[in-house]
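Asker: model the following, please.
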Amino acid sequence: MDTLDNPLMWANFLLWSICTLLILICGGISLKLANQIKAEENFPQKKNLSTWGYFFTLLAISNILILVWRFVPLSNQAVDFIERIANSLFYVAVFVRVLDIEKRVLNRKRYYFSSFVAVSIGINLFVPPWFLKSISPWQVIFLILVTIGYSVFPVIYFYVSRKAVGEVRSNALKASAGAVFLALGYLFRPENVVAYQGISQFGDAFITSLYISAPIYIILGIVLIYLSFRKIKD
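Answerer: Next up, the predicted model:
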């Protein structure tokens, strides 16, 4: 358990709380806007907004659970269970978005990328978090699996930006960059790379910096995505 007995942890807790609140607000706005659109008038836009709303809501729940297992005194079994659920919910949120991209943007009937994400969900549910954080070939395999599944998220919007002009291009680039920042923020949380502590002084300094940079990356990602997703014509 992390304790709020030093300024670094306080800053991390505050940034993570701000990040969570921001995600909740974005989710609420997305779902509200979706409900204001009549399906028969603009079903694709309604579906797009709803999907973003579910995405943000799942991320917010994941963040809240991360705050719980990190800062609330719990048994080791409870920490393990809550961390599994929190990590799995992140990948469920990604699954919702990736599946929507494959169905609406790529027009596929076979969902390869979302299948990789679905496998990632199962791994997080059934494999102990400490094992996934341990330095091993299995960790590399897991990261490759996650990268393949998640990659369609930023790549498809970058592809749109290459084909589009004007505001559509700008918004697609924002969404692509936002997805990258989001991935960096969640992947490089300090608790995910704890096994790399002690390898070098530079590595330890980098891990310490993640207490500040990781939530900032997530905040940047959320803001960029929010500023773009309602206007992308996909």
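Asker: mind listing the helices for this structure?
Answerer: Assigned by DSSP state H, the chain shows helices spanning 7-36, 39-71, 76-100, 112-126, 129-133, 137-163, 166-187, 201-228.
Asker: off-centre distance for the longest one?
Answerer: Translated: helix 39-71. 11 Å (C-alpha atoms, centre = their mean, to the nearest Å).
Asker: flag every buried residue along that helix.
Answerer: 45-71 (16 or more other C-beta atoms under 10 Å). Placement of C-beta: from N, CA and C, glycine included.
Asker: before we move on, the earlier item: got the helices of the chain as TSV, with mean pLDDT and distance to residue 193 columns?
Answerer: Formatted as TSV, the helices of the chain follow (pLDDT from 0 to 100; distance: least, C-beta to C-beta, whole Å):
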stretch	mean pLDDT	distance to residue 193
helix 7-36	93	14
helix 39-71	89	15
helix 76-100	94	14
helix 112-126	93	16
helix 129-133	94	8
helix 137-163	90	10
helix 166-187	90	9
helix 201-228	92	6
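Asker: among these, which comes closest to residue 195?
Answerer: When the helices of the chain are compared by C-beta to C-beta, helix 129-133 sits nearest residue 195, at 5.3 Å.
Asker: so how far is the closest one off the chain centroid?
Answerer: When C-alpha coordinates are averaged (C-alpha atoms, centre = their mean), helix 129-133 and its chain have centres 18 Å apart.
Asker: equivalent analysis for stretch 120-133, please.
Answerer: Relative to the centre of its chain, stretch 120-133 is centred 16 Å away, using C-alpha atoms, centre = their mean.
Asker: list the contacts of it.
Answerer: Applying C-beta atoms under 8 Å, 6 or more residues apart in numbering, the contact partners of stretch 120-133 are 80, 83-85, 87-88, 91-92, 94-95, 138-139, 142, 145-146, 149, 191-195.
Asker: good, wrapping up.
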